[in-house]
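Chemist: Structure of the sequence below:
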Amino acid sequence: MAIPKVKATYSLDAATMKALDRLARRWEVSKSEALRRVIRASASAEEMVSDNRVLLQRARLVGGFDYPVGATPVSRREWARHYGRAWPAFLRAKRRYDPQRILAPGQGIFRPPARL
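Modeler: A predicted model of the protein is given here:
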């Protein structure tokens, strides 16, 4: 556990407090320690995604590529680059075989369908 150096007061809604209580009990630590761990883990995850982006860019500079469904968020333009000359045919197939755009919605390849 960290050695406390700063005292702080904060306000949490009931649902968040309940979740914090559950984590603290599960991890057998104080609520302050559970909150500290969650904050550090969140920052660490953001750093990892950023580091993955740098590694992907370096690989691309030397002709490398990755399978875009990974730990690095990929833009629509990057998907098009990934598919290369097959991109237009890929889009046509998507329109034909998945007109409601329900397959693989989480990959960021296609824009979400318009809401009615």
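Chemist: For the chain, which residues score under the pLDDT cut-off?
Modeler: By pLDDT under 70, the weakly predicted segments of the chain are 1-2, 4, 66-71, 111-116.
Chemist: Swap in 80 and give it another go.
Modeler: Along the chain, the model assigns pLDDT under 80 to residues 1-8, 41-46, 64-74, 104-116.
Chemist: Can you show me the helices along it?
Modeler: 14-27, 31-61, 76-83, 87-97 (DSSP state H).
Chemist: same for the shortest one, what does it pack against?
Modeler: This points to helix 76-83. helix 87-97 (3 or more Cβ pairs under 8 Å, 6 or more residues apart in numbering; DSSP states H and E). Heads up, the C-betas are built off the backbone N, CA and C, glycines and all.
Chemist: So which elements touch the helix it packs on?
Modeler: Short answer (3+ Cβ pairs under 8 Å, 6+ apart): helix 87-97 packs on helix 76-83.
Chemist: what sits up against the helix it packs on?
Modeler: For helix 76-83, contacts defined as Cβ atoms under 8 Å, 6 or more residues apart in numbering pick out 65, 68, 74, 87, 90, 107-111.
Chemist: got the angle between it and helix 87-97?
Modeler: Helix 76-83 and helix 87-97 meet at an angle of 110 degrees, taking axes from the mean of the first three to the mean of the last three Cα atoms, to 10 degrees as the criterion.
Chemist: So for residue 6, which of the helices of the chain sits nearest?
Modeler: helix 31-61 (10.7 Å; Cβ to Cβ).
Chemist: burial of residue 59, as a residue count?
Modeler: Using other Cβ atoms under 10 Å, the number of residues around residue 59 comes to 12.
Chemist: same thing with residue 34?
Modeler: For residue 34, using other Cβ under 10 Å, the count is 20.
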